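Trainee: Got a predicted structure plus its sequence, pasted below:
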Amino acid sequence: MIYLALVHLRDLACEPCGAPLAVAGARSFIVADDGEPVGFEPGAVPEEMTVELRCPLGHVTTLLVPNEIAAEETMQTPEDAPIGADAFVA
């Protein structure tokens, strides 16, 4: 299985309330509604997908991969990278 993380190139905050979701350089892991990582079969990783990040108040920020944010295999995640809010496949 291949697991993906989003790579935030700039700070991201919730638009309605301003809660921070990620700082520049942070990684957000793509998880299912139950919080478990979403795995993809080798060769079946989608080239495009829509993901949602939720602030503590439940507001949703929708991002498009790869147009608005990049995704990488989690094996490439630097150990010292900050962690952003989890992302959910929309």
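Mentor: Looks like it came in fine.
Trainee: End to end on stretch 8-21, go ahead and measure it.
Mentor: Using C-alpha to C-alpha, to the nearest Å, the end-to-end distance of stretch 8-21 comes to 10 Å.
Trainee: Just read off the phi/psi values of the spatially closest residue to residue 86 that is not a sequence neighbour.
Mentor: Spatial nearest neighbour of residue 86, chain neighbours left out: residue 31 (4.8 Å); criterion: C-beta to C-beta, 6 or more residues apart in numbering. C-beta coordinates here come from the backbone N, C-alpha and C atoms, glycine included. When read as degrees, to the nearest 10, the backbone of residue 31 gives phi -130, psi 160.
Trainee: what does residue 54 give?
Mentor: Per-residue torsions, residue 54: phi -120, psi 130 (degrees, to the nearest 10).
Trainee: got it, and residue 2?
Mentor: Main-chain dihedrals, residue 2, degrees, to the nearest 10: phi -110, psi 130.
Trainee: Just give me the neighbour total for it.
Mentor: Residues lying near residue 2 (other C-beta atoms under 10 Å) number 14.
Trainee: Check it and give its pLDDT.
Mentor: Listed pLDDT for residue 2 reads 90.
Trainee: I figured it hits residue 71, correct?
Mentor: No - under the criterion of C-beta atoms under 8 Å, residue 2 is not in contact with residue 71, lying 10.3 Å apart.
Trainee: any shared contact partners between these two?
Mentor: Here residue 2 and residue 71 have no joint contacts, going by C-beta atoms under 8 Å, 6 or more residues apart in numbering.
Trainee: what about the residue nearest to residue 86, distance to residue 85?
Mentor: Taking C-beta to C-beta, to the nearest Å as the measure, residue 31 falls 10 Å from residue 85.
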